[in-house]
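Trainee: fold the following, please.
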Amino acid sequence: MTSVLPRVLPARAIRSMVRQFGHPRGLPGRLVGWIMAHRRSNVARNRWVVAVLDVRPTERVLEIGFGPGIALAELARRVTRGQVYGVDHSAVMVAQASRRNAAAIAAHRVRLTQAPVDRLPSFTEPLDTVFAVNNMAFWPDPQARLRELRGLLRPGGRIALVSQPRSPGANRETTKRVAQELQDALTRAGFTWQRTETLALDPPVACVIATNTATNPAPQ
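Mentor: Sure, this is the predicted structure:
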């Protein structure tokens, strides 16, 4: 992420900016949102996952941590008779995504909520698809969150966890390890692994897709 920041910035300022990617706030958060909305790899990653999921016009879809709303815009073009939901804990990202998706929001096809992943809003009907792009690492108690998300999905509903590793020296093998970790986490939460797709960026992006094959989540 630091490659898109000016090299003249002091190291402390760069570290502070990088932390903004986890929870954009204030003026620095607005800059981070602009970077996420215009960085080609980020745009490609978000558009790709929507294409991989191949959502239907009548689906009810939830994105966790939607950032500036790139994937939401793609979803709004596909989900014409269903409902697209987005939850993000950053007021800055809600504002940017709301502007980017203003028409779909006005048409009541996209609904955005500012909330952390551990305090999701209620939904009147089960969801068909839930996905998150590069943000599960920021979730409190990710395993508990995955179990909660399974409870929101209809039987047979899908979840997709997308990750492009950002650690120094990350490569194809790093992506493979991350994908396996995501698959294992989904299995522990009661999902059934379906498949893993890969986008050839540097490093590659993994999209791990699993299904809710049980009628109800197992009691905890």
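
Trainee: identify the bridge partners of the residue nearest the centre of the chain.
Mentor: The geometric centre of the chain, computed from its C-alpha atoms, lies nearest to Ala132 (CA atoms, centre = their mean), at 2.3 Å. Using DSSP bridges, the bridge partners assigned to Ala132 are Ile64, Leu161.

Trainee: which residues touch it?
Mentor: Ala132 makes contacts with Glu63, Ile64, Gly65, Ala160, Leu161, Val162, as judged by CB atoms under 8 Å, 6 or more residues apart in numbering. For every residue, glycine as well, the C-beta is placed using N, CA and C.

Trainee: and the pLDDT for it?
Mentor: With respect to pLDDT, Ala132 scores 97.

Trainee: and if you look at the one 5 residues further on?
Mentor: Ala137 carries a pLDDT score of 89 in this model.

Trainee: what's the burial count for it?
Mentor: Close neighbours of Ala137, defined as other CB atoms under 10 Å, add up to 10.

Trainee: neighbours of the nearest residue to Gln114 once chain neighbours are set aside, how many?
Mentor: Nearest residue to Gln114 in three dimensions, chain neighbours excluded: Val94, at 4.7 Å (CB to CB, 6 or more residues apart in numbering). Val94 is flanked by 19 other residues according to other CB under 10 Å.

Trainee: returning to that earlier point: what is the most widely separated pair among the contacts of Ala132?
Mentor: Using CB to CB, the two most remote members of the contacts of Ala132 are Gly65 and Ala160, lying 12.7 Å apart.

Trainee: follow-up on the earlier one: of all the contacts of Ala132, which comes closest to Ala189?
Mentor: Nearest to Ala189 out of those is Leu161 (CB to CB; 10.6 Å).

Trainee: doesn't Arg111 make contact with Val84?
Mentor: Yes - Val84 sits in contact with Arg111 when judged by CB atoms under 8 Å, with a separation of 7.3 Å.

Trainee: more crowded one of the two?
Mentor: When neighbours are counted by other CB under 10 Å, Val84 and Arg111 differ, and Val84 comes out ahead with 27 against 16.

Trainee: helix or strand for that one, which one?
Mentor: Per DSSP states H and E, Val84 falls inside strand 83-88.

Trainee: tell me how far that strand is from the chain's mean position?
Mentor: The chain centroid and the centroid of strand 83-88 are separated by 10 Å under CA atoms, centre = their mean, to the nearest Å.

Trainee: next structured bit after the helix ranked longest in the chain?
Mentor: Assignment by DSSP state H gives helix 172-188 as the longest helix of the chain. Next in sequence after helix 172-188, counting helices and strands by DSSP H and E, comes strand 192-199.

Trainee: which helices and strands does the helix or strand that that next one is followed by pack with?
Mentor: Tracing the chain past strand 192-199, the next element assigned as helix or strand by DSSP H and E is strand 205-211. Packing partners of strand 205-211 (3 or more CB pairs under 8 Å, 6 or more residues apart in numbering; DSSP states H and E): helix 40-53, strand 153-163, helix 172-188, strand 192-199.
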